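1. please find the sequence and the predicted model below.
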Amino acid sequence: MDTVAVPLSDLTNMPEPQQVHAADGTRLATYTWGELDSPVVVIVHGFASSARDTWVLTGWVRELTKAGYRVLALDQRGHGHSEKPHQADAYGIRTLATDVETVMDTYLVDEAVYVGYSLGARVGWEVVRDLPHRIGRAVLGGVPDGIPLARLDLDQVRAYLADGTPVSDPTTQNYITLTERVPGNDLGALVALAEGMRSSRTIDPDPTNAPASPILFATGSKDAIIEGSRALASAAPQGRFFEIPDRNHFNAPGSRAFKEAALAFLAEARAPAS
């Protein structure tokens, strides 16, 4: 049988964003794919990314819908087509977690599974802990322990924004490169997000207060945060760990092995009881 080529545009087209208003009035761009009566998976992207960049261009939405899920995604505040406040106090971890709950409420989603990467995984830790009756299981990719975004040198980013001073810190340069690669990103808003996430100076996620739901933690074998992710998996009562082969923090979402492991883990919730 001849293979029919599918145009790349058909695989990466985005639906028109539907705007949801967060508790503080911030506009959040949201997207859905799949059948209305299918089980729901909520997917949340990482820092300096977007729903399109993390989940559509990498094939996650295609694979999740093929597996029979209705996919619900949002551009987190400060990202994509969502509103981009420049005030650090608009970006606390509790605010970001509440945004996800607000989106679920607006779409009348009572029960779902969750997939998050990097910042989306850190937010997912909070959401799963807060809503164990609504989130049955979760996949948290690339989630580190420690102070959020602590590896980002904010002084160097501010100098770069002010007058183009070159950034010397490699990790910070990687984040800036990622930011400038994704259309529509606002580096000023992302600096405010980093400041808001770091303001508490406390360890987050807190391994002493881990979610009780089944969670698959997945991190690239070449990611500097892998041991922290592994420790969080050990701290979670029903945590498992998957090492994404030959991937770093920035390219792990595109891994086929990651998608396959995540789909197998999520499918366990749909398997008939023996």
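-> Yes, it's here.

2. give the rounded mean pLDDT of the biggest helix by length in the chain.
-> Criterion DSSP state H: the longest helix present in the chain is helix 93-106. Mean pLDDT, helix 93-106: 96.

3. Three-state assignment for V41, please.
-> What DSSP: H, G, I helix; E, B strand; the rest coil gives for V41 is strand.

4. packing partners of the longest helix of the chain?
-> With contacts taken as 3 or more C-beta pairs under 8 Å, 6 or more residues apart in numbering; DSSP states H and E, helix 93-106 sits against strand 18-21, strand 27-33, strand 40-44, strand 70-74, helix 119-130. For the C-beta atoms, the positions are set from N, CA and C on the backbone; glycine is no exception.

5. ok, now with 7 Å
-> Judged by 3 or more C-beta pairs under 7 Å, 6 or more residues apart in numbering; DSSP states H and E, helix 93-106 is in contact with strand 18-21, strand 27-33, strand 40-44, helix 119-130.

6. for P144, find the nearest of these.
-> When the helices and strands packed on helix 93-106 are compared by C-beta to C-beta, helix 119-130 sits nearest P144, at 7.9 Å.

7. which outside residues touch the closest one?
-> Residues from elsewhere that reach helix 119-130 (C-beta atoms under 7 Å, 6 or more residues apart in numbering): 44-47, 76, 93, 96-97, 100-101, 114, 116, 135, 138, 140-143, 148, 205, 211, 213, 215.

8. now with 8 Å?
-> With contacts defined as C-beta atoms under 8 Å, 6 or more residues apart in numbering, helix 119-130 is touched by 43-47, 54, 76, 93-94, 96-97, 100-101, 114-116, 135, 138, 140-144, 148, 197, 204-205, 209-213, 215, 232.

9. ditto for stretch 56-73
-> With contacts defined as C-beta under 8 Å, 6+ apart, stretch 56-73 is touched by 11-12, 14, 30-45, 51, 54-55, 103-104, 107, 109, 112-113, 115, 253-254, 259, 263, 266-267.

10. selecting buried members of those residues in PyMOL, what would you type?
-> Filtering these down to the buried ones (16 or more other C-beta atoms under 10 Å) takes a single PyMOL command:
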select buried, resi 14+30+31+33+34+39+40+41+42+43+44+45+51+54+55+103+104+107+109+112+113+115+253+259+263+266
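
11. the helices in the stretch 151-274 of the chain, which residues?
-> With helices called from DSSP state H, counting those that start in this stretch, the stretch 151-274 of the chain shows them at 154-163, 170-181, 187-198, 226-235, 256-267.

12. dump those into CSV; add distance to V127 and mean pLDDT as well.
-> Below are the helices of the stretch 151-274 of the chain laid out as CSV (distance: least, C-beta to C-beta, whole Å; pLDDT from 0 to 100):
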stretch, distance to V127, mean pLDDT
helix 154-163, 26, 84
helix 170-181, 23, 81
helix 187-198, 15, 85
helix 226-235, 15, 94
helix 256-267, 16, 98
